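# quick one, fold the following:
(one chain, ligands or ions: 1)
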Amino acid sequence: MIKNMMAAGLVLAALQGCGSDSDNKNGENVSKGPGAALKCTSSGKDAWDTYQAAGFVAVNKAIIANVFADLKANGTAKLGDSFTKIGSGKPPSTADDAATFEGKLAAFLVYAYGGPTSIMYTDGKTYSGLQDMTAAHVGLAITADQYNYFVSSIIVPALTSSGVPSGDVTSCFAPVVVDPTFVASIVGK
Ligand code: HEM
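Got it, this is the predicted structure:
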């Protein structure tokens, strides 16, 4: 497990700083997501600089695993039926298959928390983190209750089970996903 995470981390790390239209002339990434401004209490650095590729891969895979475990345990009672539509194309925002969804979620999280604008994920494919959250969720009619459950019962446990201390969850992860403008881009679309 640890070995896999490290291998995955190397794949991502190798892509850091590689060309994207937001890189400056030194190849440094200048387009930063909202989490870049947050400092983790454990390190004084943003989440990407603190947890790096291996940490983000672990958290992303834990989020996916938690979603499917929850659907198995609770059916659609807590999360609703959105995730059962992945890959169906109905609504059109669900056109991506499960593997693409996983890669795009990873890229979004990396970008949102201070990392590069695009990454190579563990499947060897490159995904952009610059994604429109409203377009990604339109037609799903996600409720505020489903959103809050997703954050508190899927994302937070994914972070803590991957080794993120609760002080860092609060300081350098939570503010991005509780920001009212961000929530409004996903809920009720
Ligand atoms: C912190 C909150 C959330 C973040 C950061 C997030 C992130 C993302 C991203 C990056 C995508 C694009 C992936 C793609 O187009 O394939 C996506 C799509 C999606 N999200 Fe979310 N999401 C959040 C909340 C939710 C919630 C609360 C639900 C349902 C209860 C949900 C269900 C879905 C579904 C079904 C898709 C479409 C996947 C597909 O294309 O097949 N998301 N999300």
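# off-centre distance for the host helix or strand of residue 157?
Assigned by DSSP states H and E, residue 157 falls within helix 156-161. Taking CA atoms, centre = their mean, to the nearest Å, one finds helix 156-161 lying 12 Å from the centre of the chain it belongs to.
# helices or strands next to it in the packing?
Applying 3 or more CB pairs under 8 Å, 6 or more residues apart in numbering; DSSP states H and E, we find helix 156-161 packed against helix 47-74. (C-beta placed from N, C-alpha, C; glycine too.)
# the helix it packs on close to the ligand?
No. Applying CB under 6 Å from any ligand atom, one finds helix 47-74 separated from the ligand by no less than 8.3 Å.
# tell me what that helix is packed against?
Using 3+ CB pairs under 8 Å, 6+ apart as the contact test, the elements touching helix 47-74 are helix 2-15, helix 98-112, helix 156-161.
# is the second one anywhere near the ligand?
This points to helix 98-112. Yes. Helix 98-112 reaches the ligand (CB under 6 Å from any ligand atom) through 100-101, 104-105, 108.
# which one (most neighbours) among those residues?
Among the residues of helix 98-112 next to the ligand, residue 105 has the most neighbours (other CB atoms under 10 Å), with 22 neighbours.
# quick check: which element contains residue 184?
Going by DSSP H and E, residue 184 is in helix 180-186.
# can you pull the contacts of the residue most central in space within the chain?
Residue closest to the mean C-alpha point of the chain, counted by CA atoms, centre = their mean, is residue 109 at 3.3 Å. If you count contacts by CB atoms under 8 Å, 6 or more residues apart in numbering, residue 109 has them with 56, 59-60, 129.
# for those residues, please prepare JSON lines with the additional fields neighbour count and pLDDT.
Conversion of these to JSON lines gives the following (neighbours: other CB atoms under 10 Å; pLDDT from 0 to 100):
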{"residue": "56", "neighbour count": "24", "pLDDT": "98"}
{"residue": "59", "neighbour count": "25", "pLDDT": "98"}
{"residue": "60", "neighbour count": "23", "pLDDT": "98"}
{"residue": "129", "neighbour count": "22", "pLDDT": "97"}
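# among these, which pair sits farthest apart?
Spatial extent of these (CB to CB) is set by the pair 59 and 129 at 14.3 Å.
# which residues does the closest residue to residue 101 other than its chain neighbours contact?
Counting by CB to CB, 6 or more residues apart in numbering, residue 86 is the residue found nearest to residue 101 once chain neighbours are left out, at 5.6 Å. By CB under 8 Å, 6+ apart, the contact set of residue 86 is 94, 96-98, 101.
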